[in-house]
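J.: Next one to model:
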Amino acid sequence: MPADNKTADKAEVKDAAGAADTAVATAEDAPTDSDVLAAGAAAAVAKHATMRYATLRIGIFIASLGVLWGLVAATGHIVTGNGVLYLMMGALLVSGVASFFLLSRQRDAMSVQVTQRTERLADRFQENASMEDED
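T.: Alright, predicted model coming up:
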């Protein structure tokens, strides 16, 4: 790790410590247990945003497939052969539209997570490239 990053990390720690020293906590400003739990929940949501989004998409697809299959079965038809393919295509279409509206928050959280990861990898790549240039 280059000396510049160590210096920047120390400066951030000093800034954070200075901000904590200057902040005067009163009874009204003290975080409550629910605030701490909400912050922990938000961190957990951000940590697994991609898995949560993918799981919910699959769940919506399976639910829409079940609903469509039930509607076809309610009409007295038996789904066989190409009918299964048509039902799956219909469920894919229905679940895509439903997830567009229902999963917007999860999609935004996933986008933030992917962007942060990409930036970290790009920074690491730049750091490694600059180390090779110094030799």
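
J.: switch to C-alpha atoms for all contacts and neighbour counts from now on
T.: Fine.

J.: burial measure for residue 50, as a count.
T.: 20 (other C-alpha atoms under 10 Å).

J.: same deal with the one 4 residues further on?
T.: Using other C-alpha under 10 Å, residue 54 is surrounded by 14 other residues.

J.: Ok, residue 118 next?
T.: Counted with other C-alpha under 10 Å, residue 118 comes out at 12.

J.: other SSEs contacting the host helix or strand of it?
T.: Element membership of residue 118, judged by DSSP states H and E, is helix 104-134. On a contact count with 3 or more C-alpha pairs under 8 Å, 6 or more residues apart in numbering; DSSP states H and E, helix 104-134 meets helix 33-47, helix 49-74.

J.: Check the ones you listed for me: which has the lowest mean pLDDT.
T.: Lowest mean pLDDT of the helices and strands packed on helix 104-134: helix 33-47, a mean of 61.

J.: gap between the residue lying closest to residue 47 once chain neighbours are set aside and residue 123?
T.: The shortest distance from residue 47 to any non-neighbouring residue, by C-alpha to C-alpha, 6 or more residues apart in numbering, is to residue 113 (7.5 Å). Distance, residue 113 to residue 123, using C-alpha to C-alpha, to the nearest Å: 15 Å.

J.: Can you pick out the residue with more neighbours from the two?
T.: residue 113 (17 against 12).

J.: What distance do you get for the more buried one to residue 52?
T.: Distance from residue 113 to residue 52, counting by C-alpha to C-alpha: 12 Å.

J.: I'd guessed the residue nearest to residue 47 sits against residue 53; true?
T.: No. Using C-alpha atoms under 8 Å as the test, residue 113 is too far from residue 53 to be in contact (11.6 Å).

J.: Lovely, talk soon.
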